[in-house]
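S.K.: Test case, fold it:
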Amino acid sequence: MPPVRNAVDALLIVAVIVSAGCSNERQLTVTATAFNSTRAQTDDNPSETACGNDLHPGRRIIAVSRDLRDQGLVCGTEVEISGLDGTWVVDDVTARRHEQLIDIYMGRDVKAAKRWGVQEVEISWKPDRESRARVRLAEKER
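M.R.: Numbers count the residues shown, from 1 in each chain. Got it, this is the predicted structure:
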């Protein structure tokens with residue numbers, strides 16, 4: 001019986017290695033700025049995101065440039081940002097002029113946003129099936 005157990009163990013190890021190699025996690029280095037929910041920094045409705053949700057202090061929200069949205073960073077995507085704890089959620093979109101940019105929501109704390117300034121960060125995320133399909137469609141249209 002021990003040889004069968006060893007074979008099972010070997011198969012489990014191979015399965016773990018294969019599944020780890022098949023991760024669809026994406027990583028990218030982007031420019032990161034910070035924003036606040038004020039009319040001066042947003043539009044006429046500073047408490048509503050482009051994804052249609054309420055924006056209020058305490059939420060861990062980022063806005064993404066449209067080119068990042070095309071890469072799978074769509075509304076609801078969870079993102080990890082180097083240098084920041086926890087998970088952030090894509091819930092807004094930046095102005096059209098931006099590329100390779102995320103904008104980190106800092107509530108009404110304008111001083112904290114100014115202290116953040118402009119930084120290069122690495123982000124990682126796992127695109128869901130629907131966003132991967134949109135990316136493939138966008139690539140075909142190019």
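S.K.: Only C-alpha atoms from now on, for both contacts and neighbour counts.
M.R.: Noted.
S.K.: Note down every partner strand of the longest strand anywhere in the chain and its orientation.
M.R.: Of all the segments of type strand in the chain, defined by DSSP state E, the longest one is strand 26-35. Based on DSSP bridges, the strands next to strand 26-35 in the sheet, each with its direction, are strand 101-105 (parallel), strand 119-125 (antiparallel).
S.K.: Outside of that strand itself, list whatever touches it.
M.R.: Here strand 26-35 makes contact (C-alpha atoms under 8 Å, 6 or more residues apart in numbering) with 41, 100-107, 110, 113-114, 116-127.
S.K.: following it, which helix or strand shows up next?
M.R.: Reading on from strand 26-35 to the C-terminus, the next helix or strand found by DSSP states H and E is strand 61-64.
S.K.: in its sheet, what does that next one sit against?
M.R.: According to DSSP bridges, strand 61-64 has the following sheet partners: strand 87-93 (parallel), strand 101-105 (antiparallel).
S.K.: out of those strands, deepest packed?
M.R.: For the strands paired with strand 61-64, average neighbour numbers computed from mean count of other C-alpha atoms under 10 Å are highest in strand 101-105, which has a mean of 24.
S.K.: So which other helices or strands are in contact with the helix or strand following that one?
M.R.: Moving toward the C-terminus from strand 101-105, the next helix or strand (DSSP H and E) is helix 110-116. In this structure, helix 110-116 packs against strand 26-35, with contacts taken as 3 or more C-alpha pairs under 8 Å, 6 or more residues apart in numbering; DSSP states H and E.
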